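Engineer: How does the following fold in three dimensions:
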Amino acid sequence: MKSRNHSYSALNLVARVLFPRSHRTLRRRELWFIAISLGIGLLVCVGFCVLLLWLNKRGHA
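Structural biologist: Below is the predicted model of the structure:
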């Protein structure tokens with residue numbers, strides 16, 4: 001349960017950094033949307049970097 005509270009507060013912190021003008025606390029559904037969006041963005045960035053590294057290695061071989 002304690003780790004759940006940590007992840008919830010970490011998401012709240014990210015939400016406050018991304019949306020500093022929202023004075024109300026964000027709902028759990030909105031926090032899940034932010035978490036999923038950040039996760040998808042991270043996966044896309046990692047996939048793009050892996051693709052670039054693979055193409056670079058293939059070009060030098």
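
Engineer: so where is this protein shaky, pLDDT-wise?
Structural biologist: By pLDDT under 70, the weakly predicted segments of the chain are 1-8, 22-26, 61.

Engineer: what about the helices in it?
Structural biologist: All helices of the chain, identified by DSSP state H, fall at 2-18, 28-60.

Engineer: Let me have these in a markdown table, adding mean neighbour count as columns.
Structural biologist: From N, CA and C alone the C-beta is placed, and that goes for glycine too. Below are those laid out as a markdown table (neighbours: other C-beta atoms under 10 Å):
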| stretch | mean neighbour count |
| --- | --- |
| helix 2-18 | 11 |
| helix 28-60 | 11 |
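
Engineer: how near is residue 38 to residue 17?
Structural biologist: Counting by C-beta to C-beta, to the nearest Å, the gap between residue 38 and residue 17 amounts to 11 Å.

Engineer: quick one: contacts for the residue most central in space within the chain?
Structural biologist: In the chain, the residue lying closest to the centroid (C-alpha atoms, centre = their mean) is residue 38, at 2.3 Å. The contact partners of residue 38, by C-beta atoms under 8 Å, 6 or more residues apart in numbering, come to residue 14.

Engineer: What's the separation between it and residue 13?
Structural biologist: Relative to residue 13, and taking C-beta to C-beta, residue 38 is found at 12 Å.
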